[in-house]
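S.K.: with the sequence up front, the predicted model follows.
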Amino acid sequence: MLSVNQGAYKLVQKLCSNPEEYKIKATKQESGATIIDAGIKTKGSFSAGRIITEITMGGLAKTRIQLNQYGDIQLPTITVQTDHPATATLAAQLAGWQIRKPEFSAIVSGPGRALALKPKEIYDKIGYKDKADNAVIVLETNTHPFEELIEELASQCKVKPSKFVAILSPTNSIVGSVQISGRVVETAVHKLMKLGLNPNSIEYACGSAPIAPVHPNLADAMGRTNDAILYGGIAYCAVRHKDDESLKAIIAKAPSKASKQYGKPFKEILSRASNAIYKIDPFLFAPAMLIVNNLETGAVHTAGEINIQLLKSSIGLARQ
């Protein structure tokens with residue numbers, strides 16, 4: 001079975017081989033753990049964001065960045081493709097682990113989750129188990145973690161601290177903008193699973209989403225990065241499914257537009273929810289548009305649409 005942590009570690013070595021080029025900084029803690037700052041006290045870069053996106057997917061995806069047209073504007077856009085959708089997204093990339101400490105909080109993604117089994121039901125669902133000496137995680141945070149926490153996380157991943165890598169990616173940074181938009185396929189696969197589709201039936205997937213312009217304010221950055229997928233993201237999945245009618249019914253509920261909270265900038269939605277993510281309809285978190293090819297029948301089903309007006313509103317261009 002492919003190891004998402006071994007795949008990610010090869011990319012970590014590439015990232016650390018030339019920190020000046022990628023505008024990141026790698027340091028060793030006393031325990032031997034490696035901490036990569038990709039935007040807190042460093043600038044980060046498009047290139048670092050692209051590689052970190054591939055790291056979160058356990059090395060089982062390829063990415064590229066280019067300019068795409070959205071109505072009358074162009075925005076940098078990340079395109080992601082994987083031939084192992086369930087493993088790359090659910091076993092590795094999914095932000096399925098949260099750290100809440102009095103002095104530190106972060107959303108954890110990346111292949112280290114597969115060793116810590118966070119959350120265990122995901123791995124039971126897809127039947128995936130990783131075996132690796134190294135563990136790699138990505139922390140969406142604006143704060144450097146303290147050493148005791150890193151040792152605790154390494155222990156939960158069942159590796160020695162010297163074999164543990166934590167990448168720090170603030171939401172309000174270029175790396176944050178890139179790697180969050182790089183979750184466009186993951187949000188599609190996760191949503192389809194929640195709607196009843198067997199994620200292992202998805203054989204190939206690709207997607208794209210605009211990279212949100214960076215905003216220094218964390219709330220604004222969180223709003224923009226979510227809006228990039230909710231209103232600008234497209235995912236294409238090739239699946240094997242016996243019944244086109246039931247598949248079509250699932251896909252109709254899959255895009256963000258199917259949520260009752262669709263239609264407002266995410267910053268406003270979050271504010272109305274008293275800044276509590278858990279109060280937001282979980283079915284909102286999905287790409288704007290899905291295209292699904294049934295490999296059993298050849299049928300192609302689509303649902304949702306790109307919302308140019310909300311994209312422009314999110315980045316402050318609606319009235320210009």
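M.R.: Now that the structure is in, tell me what you want to look at. Numbering: from 1, shown residues only.
S.K.: where do the strands sit along the stretch 1-150 of the chain?
M.R.: Secondary structure of the stretch 1-150 of the chain (DSSP state E, counting those that start in this stretch): strands located at 25-28, 34-37, 62-70, 73-82, 97-101, 104-109, 135-140.
S.K.: closest one to Glu121 among the ones you listed?
M.R.: Glu121 lies closest, by C-beta to C-beta, to one member of the strands of the stretch 1-150 of the chain: strand 97-101, at 12.8 Å. C-beta: built from backbone N, CA, C; applies to glycine.
S.K.: that closest one vs strand 104-109, what angle?
M.R.: Going by axes from the mean of the first three to the mean of the last three C-alpha atoms, to 10 degrees, strand 97-101 is angled at 170 degrees with respect to strand 104-109.
S.K.: partners of strand 97-101 in the sheet?
M.R.: The strands beside strand 97-101 in its sheet (DSSP bridges) come out as strand 104-109 (antiparallel).
S.K.: by contact count, what packs against the host helix or strand of Leu230?
M.R.: Using DSSP states H and E, Leu230 sits in helix 218-232. In this structure, helix 218-232 makes packing contacts with helix 174-181, strand 202-210, helix 266-272, helix 308-314, judged by 3 or more C-beta pairs under 8 Å, 6 or more residues apart in numbering; DSSP states H and E.
S.K.: return the distance of it from the chain's centre.
M.R.: 13 Å (C-alpha atoms, centre = their mean, to the nearest Å).
S.K.: now swap in stretch 3-15 and tell me
M.R.: With C-alpha atoms, centre = their mean, you get 17 Å for stretch 3-15.
S.K.: try stretch 147-156
M.R.: With C-alpha atoms, centre = their mean, you get 23 Å for stretch 147-156.
S.K.: now that stretch - C-alpha only, CSV.
M.R.: Below are the C-alpha coordinates for stretch 147-156, written out as CSV (Å, rounded to 0.1, in the frame of the first residue of the first chain):
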residue,chain,number,x,y,z
GLU,A,147,8.3,22.1,21.9
GLU,A,148,6.2,20.0,24.4
LEU,A,149,3.2,20.1,22.0
ILE,A,150,5.4,19.0,19.0
GLU,A,151,6.6,16.1,21.1
GLU,A,152,3.0,15.2,22.0
LEU,A,153,2.0,15.3,18.3
ALA,A,154,4.9,13.1,17.3
SER,A,155,3.8,10.6,19.9
GLN,A,156,0.3,10.6,18.6
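S.K.: ignoring the adjacent residues along the chain, who's closest to Pro111?
M.R.: Spatial nearest neighbour of Pro111, excluding adjacent residues (C-beta to C-beta, 6 or more residues apart in numbering): Val4 at 3.6 Å.
S.K.: quick one: contacts for Lys194?
M.R.: Going by C-beta atoms under 8 Å, 6 or more residues apart in numbering, Lys194 touches Pro282, Phe283.
S.K.: picking up where we left off before, just put the helices and strands packed on helix 218-232 in TSV and tack on mean neighbour count, mean pLDDT and distance to Ala219.
M.R.: Shown next, in TSV, are these (neighbours: other C-beta atoms under 10 Å; pLDDT from 0 to 100; distance: least, C-beta to C-beta, whole Å):
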stretch	mean neighbour count	mean pLDDT	distance to Ala219
helix 174-181	29	98	13
strand 202-210	24	98	19
helix 266-272	18	94	6
helix 308-314	19	96	12
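S.K.: would you turn these into JSON lines with distance to Pro161?
M.R.: As requested, the helices and strands packed on helix 218-232 are exported to JSON lines (distance: least, C-beta to C-beta, whole Å):
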{"stretch": "helix 174-181", "distance to Pro161": "24"}
{"stretch": "strand 202-210", "distance to Pro161": "34"}
{"stretch": "helix 266-272", "distance to Pro161": "35"}
{"stretch": "helix 308-314", "distance to Pro161": "40"}
